[in-house]
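Student: sequence plus predicted model, see below.
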Amino acid sequence: MIQVRGLTKHYQVHRRPPGLAAAVRALFSRTYETVKAVDAIDFSVGEGERVGFLGPNGAGKTTTLKMLAGLLHPTSGDVTVAGFVPRRREAAFLRTITLVMGQKQQLLWDLPPADTFELNRAVFDVPRAQFQETLKELVELLEIGDVVQKPTRQLSLGERMKCELAAALLHRPKVLFLDEPTIGLDVSMQATVRGFVRSYNERYGASVLLTSHYMEDVVQLCPRVIVIDRGRLIYDGDLRALSHQVRPDKRIVVRFESANGVVPSAADLARFGQVVSAEPGQATIQVAAEDVSGAVARILAGLPVADLTVEDPPLEEVFSELFRSNRRAAGVT
Ligand SMILES: Nc1ncnc2c1ncn2[C@@H]1O[C@H](COP(=O)(O)OP(=O)(O)OP(=O)(O)O)[C@@H](O)[C@H]1O
């Protein structure tokens, strides 16, 4: 559905050294610097796939999504989305995709979302009957029946984001580019948006390429992740495999019986592995993956355990480690 080969975007930015003299000199001769926002990346996404597109701030995610949506012209490389070349912005291409940016809005500020929906119906030339049917489905799935007639400026952030999604999907696109669709939402609204994206993907077999700095979005929605850093692709594959590859350790979370008031000391806990945290009643101990069963047996035998769980390290740590080791390998600090 999405094919990307050698995709590159360089920005020319004007760099002016500080100081008045430099400002005057810059009037006559400007110095430009090339920012390699996206640097020869390759990937493809199949029909109906949900893929996380991840990277630290400034990695090149938004630039890539804008090129895939045809809003930016690549410096070089080839992209096709559903067989279309995005930068041509053909009407049939625009009917096939949608780009939702959590930080931007398309709803008309002083009018109710229902008016933007109607405008989009006309822009995308959606047949009236199909429009009514999709609108009914989206309103039900997103539970926005009582807000679509209020002026957008009166809506809460969460209500507005749900209406943004409805406006972006009324033409039933087959490819969704979602750039931080849950940014700023509370955890329950994030879960609603995630559930909705999954339902839409399953109902219409749509492909989803999603960026998010919230790891829960990634865990819940994206079995596969593509990771970029400083414009270069550094991982493309299964999320769980990445986690095990980068951080092949496990965390044993132990809750202690409090009846006898005994709290193991840090030295007691350190006998079983690396102590990540220790507080009254609970401790987290990190051990090598191959040592988990042995460590669990030793903990059960040696400590007053009320409850014990084995977990993977948090994804935030997995990605920090991935970026750190990638930058070390590239000789960048
Ligand atoms: N219009 C522009 N002109 C010059 N440089 C730009 C422009 N847009 C983006 N950049 C630069 O390109 C790089 C990639 O930016 P981009 O917005 O694609 O990153 P991102 O991965 O989406 O980051 P974030 O997670 O912070 O949104 C950054 O160094 C940014 O400063």
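Tutor: That came in fine, so what should we check first?
Student: could you pull out the strands in the protein for me?
Tutor: Along the chain, the stretches classed as strands by DSSP state E are 2-14, 32-45, 50-54, 76-81, 97-101, 175-179, 207-211, 224-229, 232-238, 249-256, 274-279, 282-288, 305-311.
Student: what bridges to residue 253?
Tutor: Beta bridges link residue 253 to residue 284, residue 309, judged by DSSP bridges.
Student: can you tell me which of the strands of the chain the model trusts least?
Tutor: Among the strands of the chain, strand 274-279 carries the lowest mean pLDDT, a mean of 89.
Student: would you format the strands of the chain as JSON lines with distance to the ligand and mean neighbour count included?
Tutor: To be clear about C-beta, it is placed using only N, CA and C from the backbone, and glycine gets the same treatment. Formatted as JSON lines, these follow (distance: least, Cβ to the nearest ligand atom, whole Å; neighbours: other Cβ atoms under 10 Å):
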{"stretch": "strand 2-14", "distance to the ligand": "3", "mean neighbour count": "16"}
{"stretch": "strand 32-45", "distance to the ligand": "3", "mean neighbour count": "16"}
{"stretch": "strand 50-54", "distance to the ligand": "9", "mean neighbour count": "24"}
{"stretch": "strand 76-81", "distance to the ligand": "15", "mean neighbour count": "16"}
{"stretch": "strand 97-101", "distance to the ligand": "10", "mean neighbour count": "22"}
{"stretch": "strand 175-179", "distance to the ligand": "7", "mean neighbour count": "24"}
{"stretch": "strand 207-211", "distance to the ligand": "7", "mean neighbour count": "25"}
{"stretch": "strand 224-229", "distance to the ligand": "7", "mean neighbour count": "22"}
{"stretch": "strand 232-238", "distance to the ligand": "12", "mean neighbour count": "17"}
{"stretch": "strand 249-256", "distance to the ligand": "27", "mean neighbour count": "19"}
{"stretch": "strand 274-279", "distance to the ligand": "28", "mean neighbour count": "14"}
{"stretch": "strand 282-288", "distance to the ligand": "29", "mean neighbour count": "19"}
{"stretch": "strand 305-311", "distance to the ligand": "27", "mean neighbour count": "13"}
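Student: break down the stretch 101-250 of the chain into its helices, ranges please.
Tutor: Using DSSP state H, counting those that start in this stretch, the helices of the stretch 101-250 of the chain run over residues 113-123, 128-142, 157-169, 187-204, 215-221, 239-246.
Student: and the ones you listed: which comes nearest the ligand?
Tutor: Distance to the ligand, taken as Cβ to the nearest ligand atom, is lowest for helix 215-221 among those, at 13.4 Å.
Student: how about residues contacting the closest one?
Tutor: The list of residues contacting helix 215-221 from outside it, by Cβ atoms under 8 Å, 6 or more residues apart in numbering, reads 50, 52, 54, 182, 187, 190-191, 194, 197-198, 208, 210, 212, 225, 239, 314-316, 319.
Student: list the buried residues in that helix.
Tutor: Within helix 215-221, the residues that count as buried by 16 or more other Cβ atoms under 10 Å are 215, 217-218, 221.
Student: what does stretch 313-325 give?
Tutor: Under 16+ other Cβ under 10 Å, the buried positions of stretch 313-325 are 313, 315, 317-319, 322-323.
Student: out of those, which sit inside helices?
Tutor: Among the buried residues of stretch 313-325, the members found in helices (DSSP state H) are 315, 317-319, 322-323.
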